[in-house]
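S.K.: Give me coordinates for this.
(2 chains)
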Amino acid sequence: SQKIEQNSEALNIQEGKTATLTCNYTNYSPAYLQWYRQDPGRGPVFLLLIRENEKEKRKERLKVTFDTTLKQSLFHITASQPADSATYLCALDYNTDKLIFGTGTRLQVFP
Amino acid sequence: DGGITQSPKYLFRKEGQNVTLSCEQNLNHDAMYWYRQDPGQGLRLIYYSQIVNDFQKGDIAEGYSVSREKKESFPLTVTSAQKNPTAFYLCASSTRNYGYTFGSGTRLTVV
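M.R.: Numbering: from 1, shown residues only, chains lettered A, B, ... in the order given. Okay, the predicted model is just below:
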């Protein structure tokens, strides 16, 4: 079965730096890969979707890359702010009826 | 404002009792989902529905039941057969090939 690996250790960075989070998967590549933000006690919020044939996607300070050779997606937040502190989840879409979610990586941005 | 409404926010269940979690959406989405989230385990799919009057089991359906009588509503019942129901429950909806919209969640505790 498909497995998703996100770094379970929290990522701590200083304000203004670029945060980079990693999502690795096994076996075959998904048709789509999605990234979500989740704050404590809240539901996840959809951020970005990238298709299998896209290498990179940007939205404001966010950038997602998708490397089907490495079976990896990287999620970047440039000029990070304390308000970016949250848990970030990646999810795989194999054009089935459901997503497969990773366990998430907690990001802490310090002033 | 379009979105998903989950209620109640907090729910306490006694041993042997069935409880029902509400999920309503006004986004006109066809697909709806129920997830369970436990610390360190990410999101696990309980049930999902692509159309009215039809639903499928997810990865951890035992001890749960759902109905989909209306497009807008997808209630989840946690039955007494669910031996470890204490968790954070999330409802979501989606359109094809786009991100999920999640509700704010229901935290269920067995007392």
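S.K.: Every contact and neighbour count from this point should use C-alpha atoms.
M.R.: Fine.
S.K.: Near chain A, which residues of chain B are found?
M.R.: Listed as neighbours of chain A in chain B under the rule CA under 8 Å from any CA of the partner chain: B:40-44, B:48, B:50, B:90, B:97-105.
S.K.: Let's see which of those end up in strands.
M.R.: Among those, the members falling in strands (DSSP state E) are B:42-44, B:48, B:50, B:90, B:101-102.
S.K.: picking up where we left off before, would you list the buried entries among the residues of chain B next to chain A?
M.R.: Among the residues of chain B next to chain A, those classed as buried by 16 or more other CA atoms under 10 Å in any protein chain shown are B:42-44, B:48, B:50, B:90, B:99-105.
S.K.: Tell me which residue in chain B sits closest to chain A.
M.R.: B:G42 (4.0 Å; CA to the nearest CA).
S.K.: On the three-state scheme, the residue lying closest to that residue once chain neighbours are set aside is what?
M.R.: Leaving aside its sequence neighbours, B:G42 sits nearest to A:T103 (CA to CA, 6 or more residues apart in numbering or on different chains; 4.0 Å). Classification of A:T103 by DSSP: H, G, I helix; E, B strand; the rest coil places it in coil.
S.K.: next one: B:W34
M.R.: strand.
S.K.: And for A:A83?
M.R.: The three-state label given to A:A83 by three-state DSSP is helix.
S.K.: List the residues that contact it.
M.R.: By CA atoms under 8 Å, 6 or more residues apart in numbering or on different chains, the residues touching A:A83 are A:V109.
S.K.: State the pLDDT value of it.
M.R.: On pLDDT, A:A83 comes in at 98.
S.K.: Which one of the residues in chain A is closest to chain B?
M.R.: Counting by CA to the nearest CA, chain A gets nearest chain B through A:T103, at 4.0 Å.
S.K.: follow-up on the earlier one: next, format the buried ones among the residues of chain B next to chain A as JSON lines and append pLDDT.
M.R.: Written out in JSON lines, the entries for those read as follows (pLDDT from 0 to 100):
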{"residue": "B:G42", "pLDDT": "86"}
{"residue": "B:L43", "pLDDT": "94"}
{"residue": "B:R44", "pLDDT": "94"}
{"residue": "B:Y48", "pLDDT": "97"}
{"residue": "B:Q50", "pLDDT": "94"}
{"residue": "B:L90", "pLDDT": "98"}
{"residue": "B:G99", "pLDDT": "91"}
{"residue": "B:Y100", "pLDDT": "95"}
{"residue": "B:T101", "pLDDT": "96"}
{"residue": "B:F102", "pLDDT": "97"}
{"residue": "B:G103", "pLDDT": "97"}
{"residue": "B:S104", "pLDDT": "96"}
{"residue": "B:G105", "pLDDT": "97"}
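S.K.: From what I see, the residue of chain B closest to chain A and A:I100 are in contact.
M.R.: No: assessed by CA atoms under 8 Å, B:G42 is found out of contact with A:I100, at 9.9 Å.
S.K.: For B:G42, give the beta-bridge partners.
M.R.: Bridge pairing for B:G42 (DSSP bridges) gives the partners B:D38.
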